[in-house]
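1. output the structure for:
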Amino acid sequence: MAELISGPGAGLHRPRNLDWKRAAALLYGDWGTSKAYVIGLAFLAAGYASLPIILAVCVLTGLVGINYAVICRYFPDGGGVYSAARSQGRLLAVVGALLLIADLTVTAALSGWSGLSYFNIPILKEHIVWATVGMLLAMGVINWYGPKHSGSFAVTLALPTVIVVLVLIAITAPHLTTHYLERPHENPAQLWVQFVGVILALSGVEAIANLTGVMKLDPDSTTHHPKVARESAKAIWPVAVEVVVGTALLGWAMLSLNPNATVMLSDGAHSMREALHLRSEDTLRFIGEQFGTQSFGALFGQAFGWIVGIVFFFLLVSAANTAIVAMIGLLYMMARDHEMPPVFTQLNRHGVPRLPILIAIGLPVIVIVATANFTALAGLYAIGVVGAITVNVGSCSFNRTLPMKLHDRVLLGITFVILFLVEITLAHTKPDALFFVCCVLGVGLALRAYTLKRSGITTLIVTRQVAEMVSPTLAASMQPRLEEGQRIMVAARGITPVLSYALDEAQLRKASLYVVFVKEIAVYYGAGPIRGRARWQDDSEANAILSLMLKLGCERDIPVMPVYAMSDDPAATILDLAATLGVDFLMIGTSHRLTLTNLLRGNVVTNIAAQLPDTIRLIIYG
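-> Residues are numbered from 1 along each chain as shown. Sure, this is the predicted structure:
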C-alpha cells in the first residue's frame, strides 16, 4: 500500500495482496453495473427491434474484455490508459486520462441517477435531479475524511448482485420467446448510429487494468519480473461472461414481454410498450416485477422487484462513489507527474487532495444540473469511455517496445480500428457529447500547458551515454550500506515526547534509529507506480521532524536514518517497513484522532498492535 520515497529501504515494492476473487468483485462493481441501464437505453433507441443492437453491444463488450486480458498480461504494474499511453508520449497519456475523467464524471452522475431510479418512488423521481445532487454532495463529505477501503462496499455487493441476476434469468427463462421481436426499421447507417449510442457496457472494464499493480503474482514470477496473466485472467473471465451473457438474456427477456398487454403503473394503466419507455431507467426491476408476477403471483412480483431495486441501488451508488474516488486519484497522480498544477497535490488533514475532491464532486453535479435528463446524460457517456479505451488499446497495439505476440498485436489493432470508428461516429452524431468532451480536454490541456510553463519543463535531447550517466538508479546504487547492531524504529506523527524517548533508548542501546514519517494520502488509483521521486525535504512537516532528529542524532552520536513513505494505510506501511528493515523495537505515540476519524479510517495504534510480528517488540509511549 505504500511507495517508499527515500531512506534505506528505497528498494521496497508495493505489496501485492489483491487476489483474483477480490479483483473480480472490484471489477464487477464497475463493469457489472452497466446492464442496469444499457437494456433500457437500447429499448428507447429501437423498441422491440433492439435485440440485434443488444447482441452487437455484447459481442463488442466481449472483444474488449479479451483485449484487456491481453493488456493485463503485458502490464503487470498497471495497464490503465494513463500508464499504457505514457510509453507512447506524455501528451497522449494526458489526453487518455482526460477522456477517462470525462467517463468517470458521467459514470458518477449516471450511476447515482440510475441508483435512485431503482427505488421507483414517485416523489423521488419527480425530484431526481436534486436528489442525485444531494447524494453526490453527501459522498463528497464522506470522502473528505478519506474513508478506509473505499472499494470494500462494492466487493460486498458483488455476490448478492450476481445471485439476483441469476434468479432473474431463471425466472425469465421459461418465458423467453421470439414472438414479439420486430425486424429493424432503419437502414444499416441508422442501425450503426443506434448501436454506438448505447455502447455503455464497456464502462468499467478499465478498472481491471488499474488493479494489476497490486494483484498477487503468478506462481512462476518474482517481484523483479512480475507476471499476473493467470491471476488477471481468472478475474476478468467470470465477470466478462456474466456481463455479456447476462445483458443478452435480460435484453431478450425484456423483449419477450407482450407489447399489447396492459400494465398498471403509479400514474395509471399503460400498454407494455409505453411502460417499458416509462420504466427505462429501472428496467431490470420492471422485468423482475412482471415475470415474478407471471410466475408466482403479484405479491411475489412486487417483493422481488423491491429486492432487485434495493440491490442495484446500493451497487449503483457504490459505483458512483468508486468513480469519484478514481477521479480524485487520477487527478492527484497527474499532479504528481507534473502534468497538473502542484496545488492538486495539497492534502487536507485526512490525507485527501483538497482540489481534486472538489473537482470530482463538482463536475458530476454540473453535468446533472446542465442535462437534467437521463437520456441526455447517457448521451454524454459513451464518448468518454470509448475514447479512453481507444487510446489504451491503440497505445498498446503501436507500442513496439512491448514483447507482444503477433496475434495479440493484430487483435488490439482490429479493436482499435472498431473503437476509433465508434468514437468518430459519436463525435459526429452527438454534438452535446462532443462539446462536453472538448470542454474537458480544453480545460485539462490548458491547465497542463500552464503547469509546464510555470515549472519551466523543457525537452533536451542527449545521447544515450549521457542519459545513462544521469540516471537516478545510478545515484541510488551509490548510497551507503550501513551495518549496525540493534535497530529501533520510531513512527513520527509530529514533534512529540516519543521522539525524545527513542533517542534516549537508541543512545543507551547503541542502536541505529529509523525515524519513519508516513504521509497519509487517501488516494485510491492503482494505475501503476507514480513516476518521479518525492523528497522529505519538500514536505514541510516531514522536513521539520526529520531534520531535527538528524541534528539531535548527530549531537548525541546516534546513527539516525530518515524514512519517508506515502501511503493510504499508515498502519500497514509501518508494519511492512518494520518487518522489511528487521527492527528490534517499534515505538509509537498514542493516537489523538477524533472519534469520527477513527470510525472512518481506523485507529493506527490499534491496527499496528494487532498485527505486529512477535519478533518485534512494541513500545507505546504517552
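
2. touching, Met427 and Leu434? I think so.
-> Check again: residue 427 is Ala, not Met. Yes - Ala427 is in contact with Leu434 according to CB atoms under 8 Å; the separation is 4.7 Å. Backbone N, C-alpha and C define where each C-beta goes, glycine included.

3. okay, buried residues for the strand or helix carrying Leu63 please.
-> Assigned by DSSP states H and E, Leu63 belongs to helix 51-74. For helix 51-74, the neighbour count (16 or more other CB atoms under 10 Å) marks 51-54, 56-58, 60-74 as buried.

4. ok, stretch 605-613 next?
-> For stretch 605-613, burial by neighbour count (16+ other CB under 10 Å) applies to Val605, Asn607, Ile608, Leu612.

5. list the contacts for the third one?
-> Same thing as Ile608. Neighbouring residues of Ile608 by CB atoms under 8 Å, 6 or more residues apart in numbering: Ala571, Ile574, Leu575, Leu586, Ile588, Leu618.

6. and the residues you listed as a markdown table, adding pLDDT and neighbour count?
-> Putting these into a markdown table (pLDDT from 0 to 100; neighbours: other CB atoms under 10 Å) gives the following:
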| residue | pLDDT | neighbour count |
| --- | --- | --- |
| Ala571 | 82 | 25 |
| Ile574 | 86 | 25 |
| Leu575 | 86 | 19 |
| Leu586 | 90 | 26 |
| Ile588 | 86 | 26 |
| Leu618 | 86 | 14 |
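
7. these in helices, which ones?
-> Ala571, Ile574, Leu575 (DSSP state H).

8. output these in JSON lines; the columns should cover distance to His277.
-> Converted to JSON lines, the ones in helices among the contacts of Ile608 look like this (distance: CB to CB, whole Å):
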{"residue": "Ala571", "distance to His277": "52"}
{"residue": "Ile574", "distance to His277": "57"}
{"residue": "Leu575", "distance to His277": "56"}
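
9. which residues in the stretch 401-550 of the chain form strands?
-> Under the criterion DSSP state E, counting those that start in this stretch, strands of the stretch 401-550 of the chain are mapped to 487-491, 512-520.

10. CA atoms only for the longest one, dumped as PDB, please.
-> This file holds the C-alpha atoms of strand 512-520, laid out as PDB (Å, rounded to 0.1, in the frame of the first residue of the first chain):
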ATOM      1  CA  SER A 512      20.500   2.600  14.900                       C
ATOM      2  CA  LEU A 513      17.400   4.700  14.900                       C
ATOM      3  CA  TYR A 514      15.000   4.700  12.000                       C
ATOM      4  CA  VAL A 515      12.700   7.700  12.100                       C
ATOM      5  CA  VAL A 516       9.600   6.900   9.900                       C
ATOM      6  CA  PHE A 517       7.300   9.600   8.600                       C
ATOM      7  CA  VAL A 518       4.300   8.300   6.800                       C
ATOM      8  CA  LYS A 519       2.400  10.900   4.800                       C
ATOM      9  CA  GLU A 520      -1.200   9.700   4.800                       C
END
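
11. for Ile236, state which of the buried residues of stretch 605-613 is nearest.
-> Set against Ile236, the nearest of the buried residues of stretch 605-613 by CB to CB is Asn607 (32.0 Å).

12. what sits against the closest one?
-> Taking CB under 8 Å, 6+ apart, we find Asn607 in contact with Ala571, Ala572.

13. and the helix or strand encompassing it, average pLDDT?
-> Asn607 is part of helix 604-611, with elements assigned from DSSP H and E. Helix 604-611 carries an average pLDDT of 76.

14. give me the helix or strand of the protein that scores worst on average pLDDT.
-> strand 2-6 (a mean of 41; mean pLDDT, DSSP states H and E).

15. so what touches the next helix-or-strand element following that one?
-> Sequence order places helix 20-31 as the next helix or strand after strand 2-6, per DSSP H and E. Helix 20-31 has contacts (CB under 8 Å, 6+ apart) with 151, 154-155, 157-159, 161-162, 203-208, 211, 215-216, 231-232, 234-236, 238-240, 242-243, 315, 318-319, 322.

16. pull stretch 355-362 out as CSV, backbone CA atoms only.
-> Listed next in CSV are the C-alpha coordinates belonging to stretch 355-362 (Å, rounded to 0.1, in the frame of the first residue of the first chain):
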residue,chain,number,x,y,z
LEU,A,355,-8.9,20.5,-5.0
PRO,A,356,-9.3,17.1,-6.8
ILE,A,357,-12.1,16.1,-4.4
LEU,A,358,-13.9,19.4,-5.2
ILE,A,359,-13.5,18.7,-8.9
ALA,A,360,-14.6,15.1,-8.6
ILE,A,361,-17.8,16.2,-6.9
GLY,A,362,-18.3,19.4,-8.8
